[in-house]
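Asks: Here is my input; please provide its structure:
(one chain, ligands or ions: 2)
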Amino acid sequence: ATPSALLAGTGRGAQLGTVIRGAQALEKASKIDTIVLDKTGTLTTGTMAVLAVEAADGVTESRLLAVAAAVEAGSEHPIARAVVAHARAAGVDEVEADGFRIVAGHGVTASVRIDGHTGDALVGNSRLVTNAPAAGGDVVGSEVLVSLAGTYLGRIVVGDELKPGAAAAISRLRELGLRPVLLTGDNRAAAEKVAAEAGITDISADVLPQGKAQVVADLQAQGRNVAMVGDGVNDAAALARADLGIAMGQGTDAAIAASDITLMRDDLASVVDAVRLSRATDRTIK
Ligand code: ADP
Ligand code: MG
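Replies: Numbering: from 1, shown residues only. Ligands and ions are numbered 1, 2, ... in the order given. As a prediction, this is how the structure comes out:
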């Protein structure tokens, strides 16, 4: 590899809106055959909104929202922001909570004081709230299940949208011979909905944060050369494990630090540019 060709490649990358860490990254990128993409914040905007509120029998919607928002106030997760904003907009009474505990890949717990009683509240997915009835509604999204002192209060469905240009980027990555895989900690139905919109058929859903790197390792064990695209703290280990880690520019510091390439624009088209550039640079070198 001639240093000048690699330098020209990294310089061109900067023009295209990517920061490439080390010339080696371009060589690695040219060999990639599989591209694993995180869902929330990578394929989708990451800005969640509440799509549906389904209170359990005998529970008011405002009680469900009040408990959920009080607990989610202790989290910075995009799901938490959506729940808190929705409750505030709905004018729900504020409820006291303390002793917040974030359970990665599950949700949040806290001690909540409501109507003169104090109880432990759980707010998260079915791994955390294990006594929720199976989803009955037809609204597909991330489910936020709520329980207080062991009693199920209901569910809040939240979701975000595919980024504009995501489907076009996936189809161009396919044209370049790459196999896209969607990777998420979210439930299968939510994952399938986004995958269908993006044009992806390979899905790993319900993956715990610590399991994401294992999904990458499993693909590598099958002989694949894997790029991983992500934005979250929970993507960092998988980004580091991948043959090529690509962080979204608006992503967390942990994701950026673990990656070979950082996209300056919040746009998956930059991934296509980076792969094409790496292949062109590789040809110049050889
Ligand atoms: P992703 O892979 O979609 O970025 P995370 O690993 O952050 O997801 O979270 C995985 C799942 O854990 C979420 O889809 C959600 O079901 C649950 N979860 C995590 N944090 C929260 C929270 N603050 N409130 C409710 N659910 C949460
Ligand atoms: Mg994410």
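
Asks: What helix or strand is the nearest residue to V207 once chain neighbours are set aside located in?
Replies: Counting by Cβ to Cβ, 6 or more residues apart in numbering, V207 lies nearest to G185, which is 5.5 Å off, once chain neighbours are set aside. Placement of C-beta: from N, CA and C, glycine included. Using DSSP states H and E, G185 sits within no helix or strand.

Asks: Do I have it right that G185 meets Q210?
Replies: No - if you go by Cβ atoms under 8 Å, G185 and Q210 don't touch, sitting 10.2 Å apart.

Asks: Mutual contacts of those two, please.
Replies: G105 (Cβ atoms under 8 Å, 6 or more residues apart in numbering).

Asks: higher neighbour count, the two?
Replies: When G185 is set against Q210 and neighbours are counted by other Cβ atoms under 10 Å, the residue ahead is G185, at 25 against 12.

Asks: which residues touch that one?
Replies: Residues near G185 by Cβ under 8 Å, 6+ apart: G105, D206, V207, L208, P209, K212, N234.

Asks: Find me the pLDDT at it, would you?
Replies: Looking at G185, its pLDDT stands at 93.

Asks: Same check on the one 4 residues further on?
Replies: Residue-level confidence at A189 comes out at 93, pLDDT.

Asks: Check which helix or strand it maps to.
Replies: Counting by DSSP H and E, A189 is found in helix 188-198.

Asks: next one: D273
Replies: In this assignment (DSSP H and E), D273 forms part of helix 269-285.

Asks: If you count contacts, what does that helix end up packed against?
Replies: Using 3 or more Cβ pairs under 8 Å, 6 or more residues apart in numbering; DSSP states H and E as the contact test, the elements touching helix 269-285 are helix 3-16, strand 18-20, helix 24-29, helix 166-175, strand 226-230, strand 261-263.

Asks: Quick one: distance of the fourth one to the chain centre.
Replies: Using Cα atoms, centre = their mean, to the nearest Å, we find the averaged C-alpha position of helix 166-175 to lie 19 Å away from the chain's own average C-alpha position.

Asks: where along the stretch 101-250 of the chain do the strands fall?
Replies: 107-114, 117-124, 142-148, 151-159, 179-183, 202-204, 226-230, 244-248 (DSSP state E, counting those that start in this stretch).

Asks: Would you reformat those as a markdown table and include mean neighbour count?
Replies: Listed next are the strands of the stretch 101-250 of the chain as a markdown table, based on neighbours: other Cβ atoms under 10 Å:
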| stretch | mean neighbour count |
| --- | --- |
| strand 107-114 | 21 |
| strand 117-124 | 20 |
| strand 142-148 | 25 |
| strand 151-159 | 22 |
| strand 179-183 | 22 |
| strand 202-204 | 17 |
| strand 226-230 | 30 |
| strand 244-248 | 29 |
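
Asks: I'd like to know which of those is closest to ligand 2.
Replies: Comparison of the strands of the stretch 101-250 of the chain against ligand 2 by Cβ to the ion identifies strand 226-230 as nearest, at 5.9 Å.

Asks: wait, does the closest one make contact with ligand 1?
Replies: No - Strand 226-230 lies apart from ligand 1 when judged by Cβ under 6 Å from any ligand atom; the minimum separation is 8.2 Å.

Asks: Direction included, what does that strand pair against?
Replies: Partners of strand 226-230 in the sheet, by DSSP bridges, are strand 34-38 (parallel), strand 244-248 (parallel).

Asks: Mean pLDDT lowest where, among those?
Replies: strand 244-248 (a mean of 94).

Asks: Tell me where the protein is predicted with low confidence.
Replies: By pLDDT under 70, the weakly predicted segments of the chain are 1-16, 282-286.

Asks: Quick check: buried residues in the helix holding D273?
Replies: Under the neighbour-count criterion of 16 or more other Cβ atoms under 10 Å, helix 269-285 has 269-275, 277-282, 285 buried.

Asks: now swap in stretch 50-66 and tell me
Replies: The neighbour-count check on stretch 50-66 (16+ other Cβ under 10 Å) flags V50, L51, V53, E54, A55, A56, V59, R63, L64, L65, A66 as buried.

Asks: what about the fourth one, which SS state?
Replies: At E54, secondary structure determined by DSSP: H, G, I helix; E, B strand; the rest coil is strand.

Asks: And it, how far from D93?
Replies: 20 Å (Cβ to Cβ, to the nearest Å).

Asks: Equivalent analysis for the last one, please.
Replies: Here the distance between A66 and D93 works out to 6 Å (Cβ to Cβ).

Asks: List the contacts of the nearest residue to R113 once chain neighbours are set aside.
Replies: Sequence neighbours aside, E96 is the residue nearest to R113 in space, at 4.3 Å (criterion: Cβ to Cβ, 6+ apart). Contacts for E96 (Cβ under 8 Å, 6+ apart) come out as A70, V112, R113, I114.
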